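# Mind looking at a prediction? Sequence and model below.
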Amino acid sequence: MRENESDGAGGWWQSPERDGGTRRPGPDVPPPSDSDYPDTIAFGTPPGSPGPGNQAGPGNQAGYGQGYYGNQAGYGNQGGGAGPGWAMPDPPPGRRSPRGGRLLVYVAVAALAAGIGAGATVAFGGHSTAPAAGVSSSDVPGPHDNASGSGASAAPLNAEAVRKKVDPGLVDIMSNLKFNGETAEGTGMIISSSGLVLTNNHVIDGATSVRANLATNSGPSFTARVLGYDAADDVALLQLQGASGLTPVTFGNSSQVRLGTPVLALGNAEGHGGAKPAQGIINALDRSIQASDEGSNSTENLKHMLQTNAKIEQGDSGGALANNAGQVIGMITAANTNTPGTSSSSGSGGSLGFAIPINSALAIARQIASGQPSATVHIGLPGFLGVEVAQSDSSDPQKQAADEAQTGRNGRTGAGINACSTGGQRAGVPVHVAPIAAGALIVGVVCDSAAQSAGMVPGDVITSVNRQPVTTPGSLTAITGKYHPGDVVSVLWVNRNGIERTTKMRLGEGPAR
């Protein structure tokens, strides 16, 4: 984790020059960001969180990823009241993120199916290059100049007027995360009358199917097709199937946003449906925050974020951050929260929210619509091999089994030779492992997948794909990332009895990631 201590009784202060030269409007606004003080967004299953089967409820915020949150720590004051020397309180014992970073969460609602734990990492490919049929970059609008006076800190914001303008362009998103045994709920913004929808990647990450309803509760429910996504910048583009005549949101220009700009956050708060408004201001620009998935020990760095004191809640992910003219200037992505009645509550009930500048989100959406992949932009859905592999960096399959068992999600159950997973089931860590020194250990096989058709079972080890050596679980994912649904690949693997096999496998269509 690349982060520095930013908590403490002494607080911290940054000069205005550290925020791109923007002048700080007054002592009642929290200090601007600095890359030397990154925040940490924790998603997945933090240490000490409740186990599988717990459902979201008061005082137990559900976070997005491969697991469930309980009692999220919340830091900071809402709005003003903090002058120079502004400091975050310390997190409660046992919930401190690595090296002292503040605990933040992605704000999608995730719920585990009762009695089902998150599975191991499912190996599938990516970087599909098939362009979306009937969609082009011209379908994605660009930013527009912000309305006169919309950035003035003294300008009033009529919450009801802004809500009425933005609401018709919002959708509630429901993602079925079949292979994680979860569902996720968030928000999306309609950007074309034909049903293009902009949302966060983490709202649809791992989704095997996605549906959307208009936030105004009018009209039909739509099946949403994933056109592409950028996991590094947390942006995804969807197409609502059969949609026409929809009302898009109106975009402003995030590069023209200034400190103190009044804003209204609108999203599917708590997954209850509809767009719940939350009023605030922009209290920092150009924030750099670090996203940490403690389930897979991976991190993501989100840069140039807008910070607001509007009360962002679970389910607001992908929602709109609008100015007083009803122009969307940011896409809601993350927040920290103070939940009343929890050990993290300071009594202020405040929160800090973070939004991706809309100029950046639209630029990524335009690239996806054009069908142009890159190192971070994936077009379409990935190819799907259908094996579950251990969350381990080791090249030794025996060590991979031990690492997976130590995650706490899996015990050494010795999965049956013909066992397969229909999704969301625990992948039992096999007792018997193929006698080979290096490769990617299979800890589970998805039913009706290419891997099951090939006869693979838990305990087998994949050693190469199309003559490219597979040395770790991560390398298997990286290699298969070069291929697409329908591609045929040659897989070399060793079964639990030590017999080496080579099998031609046609990749299926995998979940988004």
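Okay, I see it. Residues are numbered from 1 along each chain as shown.
# any idea which strand is longest in the chain?
strand 276-293 (DSSP state E).
# what pairs with whichever helix or strand comes after that one, and is each one parallel or antiparallel?
Following strand 276-293 in sequence order, the next helix or strand is strand 298-308 (DSSP states H and E). Sheet pairing of strand 298-308 (DSSP bridges) gives strand 276-293 (antiparallel), strand 351-357 (antiparallel).
# how about those in CSV, adding mean neighbour count and mean pLDDT?
Yep, even glycine has a C-beta here, placed from its N, CA and C like the rest. CSV is the format used below for the strands paired with strand 298-308 (neighbours: other CB atoms under 10 Å; pLDDT from 0 to 100):
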stretch, mean neighbour count, mean pLDDT
strand 276-293, 22, 85
strand 351-357, 27, 91
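# closest one to residue 324 among those strands?
Nearest to residue 324 among the strands paired with strand 298-308 is strand 276-293 (10.0 Å), distances taken as CB to CB.
# Excluding chain neighbours, what is closest to residue 252?
What sits nearest to residue 252 in space, not counting adjacent residues and going by CB to CB, 6 or more residues apart in numbering, is residue 327, at 3.2 Å.
# Show me the beta-bridge partners of that neighbour.
Applying DSSP bridges, one finds that residue 327 bridges with residue 250.
# List the contacts of it.
By CB atoms under 8 Å, 6 or more residues apart in numbering, residue 327 lies in contact with 144, 146, 147, 150, 250, 251, 252.
# ok, so what distance separates the third one from residue 200?
When you say that, I think you mean residue 147. Applying CB to CB, to the nearest Å, the value for residue 147 to residue 200 is 26 Å.
# what about those two, which has more around it?
Comparing residue 147 with residue 200 by neighbour count (other CB atoms under 10 Å), the higher total belongs to residue 200, at 30 against 15.
# how far away is the closest residue to residue 270 other than its chain neighbours from residue 274?
Spatially, and ignoring its direct neighbours in sequence, residue 270 is nearest to residue 315 (5.2 Å; CB to CB, 6+ apart). Residue 315 is 10 Å from residue 274, where distance means CB to CB.
# got any residues that touch both of those two?
With CB under 8 Å, 6+ apart as the test, residue 315 and residue 274 both reach residue 268.
# Counting neighbours around each, name which of those two comes out higher.
Each of residue 315 and residue 274 has its neighbours counted (other CB under 10 Å); residue 315 has more, 30 against 16.
# What does the pLDDT read for that one?
Turning to residue 315, the model gives it a pLDDT of 92.
# tell me the SS of it?
Assigned with DSSP: H, G, I helix; E, B strand; the rest coil, residue 315 falls in the coil class.
# ok, which stretches of the protein are helices?
Applying DSSP state H to the chain gives helices spanning 159-166, 201-204, 358-370, 397-406, 450-453, 473-480.
# which of those sits most buried?
Most buried of the helices of the chain, by mean neighbour count (mean count of other CB atoms under 10 Å): helix 201-204, with a mean of 29.
# what sits up against that one?
43, 64-65, 106, 108, 173, 175, 184, 186-188, 210, 226, 229-231, 233-236, 238, 317-318, 512.
# That helix - what's its average pLDDT?
On average, helix 201-204 scores 92.
# Let's see it as CSV, backbone CA atoms only.
The C-alpha coordinates for helix 201-204 follow below in CSV (Å, rounded to 0.1, in the frame of the first residue of the first chain):
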residue,chain,number,x,y,z
ASN,A,201,-17.0,-0.1,-13.2
HIS,A,202,-17.4,-1.4,-9.6
VAL,A,203,-21.2,-1.3,-9.9
ILE,A,204,-21.0,-4.0,-12.7
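# doesn't residue 226 make contact with residue 379?
No - the pair residue 379 / residue 226 is not scored as a contact, 9.9 Å apart, by CB atoms under 8 Å.
# Quick check: buried residues in stretch 141-153?
141, 143, 146, 150, 151 (16 or more other CB atoms under 10 Å).
# ok, now which ones touch residue 192?
So residue 192 contacts 139, 140, 141, 246, 248 (CB under 8 Å, 6+ apart).
# State the distance from residue 397 to residue 451.
For residue 397 relative to residue 451 (CB to CB), the value is 16 Å.
# same question but for residue 376, I mixed them up
27 Å.
# Just to check, residue 368 is in contact with residue 379?
Yes - if you go by CB under 8 Å, residue 368 and residue 379 touch, sitting 6.4 Å apart.
# leaving aside the residues next to it on the chain, what's closest to residue 468?
Closest to residue 468 by CB to CB, 6+ apart is residue 479, at 5.0 Å.
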